[in-house]
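*Asks:* Quick one, what's the 3D model for this:
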Amino acid sequence: MIRLMRADLVRLVKSRAFGLSLAGMLALSTAFMVMQATAMDYSVPLSRVIFLPMSMYGVAAAALVSVFAGDDFSGGFIRMKLLAVRRRSSYVLSQIFVSCTACAALYTAATVFTAAIGRFFFENNVMASDLVRFYLLGVSMSLTCGALFAAVTLLLGEKTRAVVVCMASAFGMLFLAMHTNSLLVQDRYKDGVLNPKYVGGIRRMVYGILHDLNPCGQAAQLSTWEVPHPIRVLLLNLLLTAALTVLCCRLFERKNIN
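*Replies:* Numbering: from 1, shown residues only. Alright, predicted model coming up:
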């Protein structure tokens, strides 16, 4: 399995999908920085810019993982790889590990690029300790994205269908995050009267958990530098990544590879 991981990591670095996804995220980061620097007539804080490109991170991760992991099926290499390992679960673990690594690398590159360039154009109000803390939460988000889209691709077993499903899932999570965020940011009172759009009680707790569980919801929280429940977000990401890995291993063992 170790040799398979190494081979896939080398293939990842050389893959066109990784290069295009990375270029797309860096271009998006540049576009957001230009808009923030030119469209505002006041000094924009750096904290407002660093994680702003993460709004489209889920879509980029879905495209990258589905294309990269789906290449094994479209190229017919899946049979050769399965013959090289003792158990199918070893292949699944390798693919999920490489997919998580790819998503983490994509996230890291976009964050480091935006922070390094943005510090020259925006008001530097970011403390190193806060940046590290939020960055690590984003890494856990990347692991969830990698495991989720890799599991979907491996279980579907067909590249084109996997790309469509993963992209649709990414946009679905994005729209869900926009909906839950619009509800959670409502104040209880507006202009001195009770806000009819405010959600409280059990419904607010449920929406909060959905928002924390959704990688796009986490990205929305990172972009505003407000993560109300960081420990819960971290634990949910780790548990979801582990659950997706175990589920994919079990289901892939029974999958008929034509």
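*Asks:* Now do the contacts for the closest residue in space to L176 that isn't next to it in sequence.
*Replies:* Of all residues not flanking L176 in the chain, N214 sits nearest, at 5.8 Å (CB to CB, 6 or more residues apart in numbering). (Each C-beta comes from the backbone N, C-alpha and C, glycine too.) Contact analysis of N214 by CB atoms under 8 Å, 6 or more residues apart in numbering lists 173, 176-177, 180.
*Asks:* G138 now?
*Replies:* With CB under 8 Å, 6+ apart, G138 has these contacts: 51, 54, 107, 111, 218-219, 222.
*Asks:* which ones among those residues are found in helices?
*Replies:* Using DSSP state H, the subset of those located in helices is 107, 111, 218-219, 222.
*Asks:* Which member of those is positioned nearest A243?
*Replies:* Nearest to A243 among these is Q218, at 16.8 Å by CB to CB.
*Asks:* does the nearest residue to that closest one once chain neighbours are set aside belong to a helix or a strand, and which?
*Replies:* Leaving aside its sequence neighbours, Q218 sits nearest to M141 (CB to CB, 6+ apart; 4.7 Å). Counting by DSSP states H and E, the element that carries M141 is helix 128-156.
*Asks:* Quick check: buried residues in that helix?
*Replies:* Neighbour-count burial for helix 128-156 flags 131, 134-135, 137-154, 156 (criterion: 16 or more other CB atoms under 10 Å).
*Asks:* ditto for stretch 182-192
*Replies:* Buried-residue list, stretch 182-192, by 16+ other CB under 10 Å: 183-184.
*Asks:* what sits up against that stretch?
*Replies:* Stretch 182-192 has contacts (CB under 8 Å, 6+ apart) with 194-195, 197-200, 204, 207-208, 211.
*Asks:* Buried ones only from those residues, please, as a ChimeraX command.
*Replies:* In ChimeraX, this line selects whichever of these come out buried by 16+ other CB under 10 Å:
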select :199,207,208,211
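*Asks:* Now flag whichever of the contacts of stretch 182-192 is closest to N256.
*Replies:* Of all these, N256 sits closest to H211, with 37.7 Å by CB to CB.
*Asks:* and the ones in helices among the contacts of G138, which two are the farthest apart?
*Replies:* Using CB to CB, the two most remote members of the ones in helices among the contacts of G138 are T111 and Q218, lying 13.5 Å apart.
*Asks:* Counting neighbours, go ahead and name the busier of the two.
*Replies:* It is Q218, of T111 and Q218, that has more neighbours when counted by other CB atoms under 10 Å, with 28 against 23.
*Asks:* in stretch 244-253, what counts as buried?
*Replies:* 244-245, 248-249, 252.
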